[in-house]
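Enquirer: here's a sequence, model it:
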Amino acid sequence: MRKLKIAVIGCGSIAKHRHLPEYANNKEVEIVAVCDIVEERVNEFAELYQATAYTSYEDLLANPNIDAVSVCTPNYLHAPISIAALLAGKHVLCEKPMATSRSDAEEMIKAAQENDKKLMIAHNQRFVPSHQKARQLIEDGEVGKIYSFRTAFGHGGPEGWSADGENSWFFKKEEAFIGAMGDLGVHKTDLLRFILGEEFVEVGAFIETTAKVNASVDDTAVCVLKTETGIIGTLAASWSYVSKEDNSTLIYGENAILRLEDDPVNSLVVQYKSGEVVKYELGGIQTNVSGGQTNTQVIDQFVNAIIQNVEPAVSGEDGMKSLQVVLSALESNDTKRMVRISEGE
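Expert: Presented below is the predicted three-dimensional model:
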């Protein structure tokens, strides 16, 4: 069978550490093109992966031999490039957040449907072994009724790993649209939707810029969320955690408490009502900060969806629902009110 011909648009850190090496390790694909507006950067990756270098994504998309693309650009370009790629007949794996508005997300989904192409959003947290196991325990009834949760995703900020350091687009509102809440918080909204198996219906949020003096986007956010059955909890997303990264989630249930990525050795600790404690050493979570990279499964899942012609593991609809929580959190912070998360907003 012919290998899928893949292109990566945007050659920053996420492409360097995740997309390109994971495509290179997948036997079903061949990296044929890379694109970045920084000529020196794109030439370096073109040489490394023996691919054709482009500085214009329009020129790249005009190449009929490319089957699929990863969109790894600044946030404001996610939707326009993804839509252009889908209209050009390419499958698309788009980094998160998938768009900066609900209408743009809807246009992406529509373009995928009308052109019969796959659209997947690169939410990797649901593939982490501890998160998969927690979902399974909840589905199996092991935890009983879920009462509440608290989750956090924070580190010292993108300047520590972004290709442009302190000058990164992550800090510029016109390119990023949203800061830590879009960079990290949207990952956790997707994760909680996945683990709990429910949608969020209401959010209240405080979103601030307190640590990054030159940023025009938020660097710290705390949200209170409520699901359709009344599970309530908190989500914190921050670029102001100056020491070790926090990527933990706690689920409080009728029969047990689940501690996810909260222990340095055991990625899942189950504390039962009876006093019994079960520890699972399932392997660590992926992190940009430590430099330790394991396979996120995002690329493999995307490639499999194309080859097997099945729905991607994180669909465009999934990406839009997780984005909508973030957009509603922004609205809550602006209006200083709780906001209903409506399907139609």
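Enquirer: partners of the one helix or strand Glu202 maps to, with directions?
Expert: Glu202 is part of strand 200-208, with elements assigned from DSSP states H and E. Applying DSSP bridges to the sheet, strand 200-208 is found paired with strand 220-227 (antiparallel), strand 339-340 (antiparallel).
Enquirer: among those strands, which is the most enclosed?
Expert: Comparing the strands paired with strand 200-208 by mean neighbour count (mean count of other Cβ atoms under 10 Å), strand 220-227 comes out on top with a mean of 21. (Glycine included, C-beta is placed from N, CA and C.)
Enquirer: mean confidence score for the helix or strand following that one?
Expert: Following strand 220-227 in sequence order, the next helix or strand is strand 232-238 (DSSP H and E). Mean pLDDT, strand 232-238: 98.
Enquirer: what residues of strand 232-238 count as buried?
Expert: 233, 235-238 (16 or more other Cβ atoms under 10 Å).
Enquirer: which elements pack onto that strand?
Expert: strand 146-154, helix 186-196, strand 220-227 (3 or more Cβ pairs under 8 Å, 6 or more residues apart in numbering; DSSP states H and E).
Enquirer: what about the following helix or strand past the first one, distance to the chain center?
Expert: Think strand 146-154. Under the assignment DSSP H and E, the closest C-terminal helix or strand after strand 146-154 is helix 173-176. Relative to the centre of its chain, helix 173-176 is centred 17 Å away, using Cα atoms, centre = their mean, to the nearest Å.
Enquirer: so how far is Leu77 from Glu22?
Expert: 21 Å (Cβ to Cβ, to the nearest Å).
Enquirer: what about the residue of the chain positioned farthest from its centre, which SS state?
Expert: Within the chain, the residue lying farthest from the chain centre (Cα atoms, centre = their mean) is Ser274, at 36.0 Å. Assigned by DSSP: H, G, I helix; E, B strand; the rest coil, the conformation of Ser274 is coil.
Enquirer: quick one, phi/psi of Tyr23?
Expert: phi -60, psi -40 (degrees, to the nearest 10).
Enquirer: just checking, what's the longest helix in this structure?
Expert: Criterion DSSP state H: the longest helix present in the chain is helix 316-335.
Enquirer: can you give the contact residues for that helix?
Expert: 94, 96-99, 101-102, 105-106, 108-109, 112, 119-121, 123, 178, 181-182, 185-186, 189-190, 193, 199-200, 203-207, 221, 223, 225, 338-341, 345 (Cβ atoms under 8 Å, 6 or more residues apart in numbering).
Enquirer: write the ChimeraX selection for whichever of those are buried.
Expert: Buried subset of these, written as a ChimeraX selection, criterion 16+ other Cβ under 10 Å:
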select :94,96,97,98,99,105,108,109,112,119,120,121,123,178,181,182,185,186,189,190,193,200,203,204,205,207,221,223,225,339,341
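Enquirer: remind me which residues of this structure are low pLDDT?
Expert: Counting by pLDDT under 70, the ranges of the chain that qualify are 284-294, 343-345.
Enquirer: let me see the domain layout of it.
Expert: Dividing the chain into domains by automatic domain parsing, as the record does, gives the ranges 4-122+296-311, 125-292+323-340.
Enquirer: could I get those domains in a markdown table, plus columns for distance to Glu317?
Expert: As requested, the domains of the chain are arranged in a markdown table below (distance: least, Cβ to Cβ, whole Å):
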| stretch | distance to Glu317 |
| --- | --- |
| domain 4-122+296-311 | 6 |
| domain 125-292+323-340 | 10 |
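Enquirer: ok so, going back, mind putting the strands paired with strand 200-208 into JSON lines with distance to Gly165?
Expert: Shown next, in JSON lines, are these (distance: least, Cβ to Cβ, whole Å):
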{"stretch": "strand 220-227", "distance to Gly165": "20"}
{"stretch": "strand 339-340", "distance to Gly165": "35"}
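Enquirer: re the thing from before, please compute how far the strand holding Glu202 lies from its chain's middle.
Expert: That offset, for strand 200-208, works out to 18 Å (Cα atoms, centre = their mean).
Enquirer: go on, stretch 2-10?
Expert: With Cα atoms, centre = their mean as the basis, the mean position of stretch 2-10 lies at 20 Å from the chain mean.
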